[in-house]
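A.B. asks: Below: sequence and its predicted model.
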Amino acid sequence: MSLSDPIADMLTRIRNASSAGREMLELPYSNVKNEIARILKREGYIIDYTDEGEKTERKLRLFLKYAPDGTPLLRGLRRISRPGRRRYAAVDEMPKVLNGLGIAIVSTSAGIVTDHEARRNKTGGEIFCYVW
């Protein structure tokens, strides 16, 4: 199955699974999705992620994180740069999500990083999404 925007599909699946209270979700693997999952885990938005299978059957599994009262820690995900309209930001124009409480995931020449790391490395890039 061909998708025109696999990153938006990933974010929608996470949003839907989180609101439904699912502990785990599975989606098709790609290197970009794997890097986004790595950032989400490092920033504490998900418990863990794994990739399983081989070649075309490879899947990425995300294990979602919830507060003790059952509310999801991922409050929101918003796609910024889309295939129809790419959004780029220089290092001095890098956005702050909720005044620094959230993160922006940015594709830079040094790889896929958060907005904090992009500012620290003094690199701009394409803004994939906001997470809070």
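C.D. replies: That came through, no problem.

A.B. asks: helix/strand/coil for the residue lying farthest from the centre of the chain?
C.D. replies: The C-alpha centroid of the chain is most remote from Asp69, which lies 24.0 Å away (CA atoms, centre = their mean). Of the three states, Asp69 takes coil under DSSP: H, G, I helix; E, B strand; the rest coil.

A.B. asks: likewise Ile112?
C.D. replies: Criterion first, three-state DSSP; result for Ile112: strand.

A.B. asks: The protein: strands as residue ranges?
C.D. replies: 24-28, 46-52, 59-64, 77-79, 88-89, 103-108, 111-114, 125-131 (DSSP state E).

A.B. asks: Low-confidence stretches in this protein?
C.D. replies: Along the chain, segments meeting pLDDT under 70 span 1-2.

A.B. asks: Quick check: can you list the domain ranges of it?
C.D. replies: 6-64, 77-131 (automatic domain parsing).

A.B. asks: Any chance of those in TSV with mean neighbour count as columns?
C.D. replies: To be clear about C-beta, it is placed using only N, CA and C from the backbone, and glycine gets the same treatment. Shown next, in TSV, are the domains of the chain (neighbours: other CB atoms under 10 Å):
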stretch	mean neighbour count
domain 6-64	16
domain 77-131	16
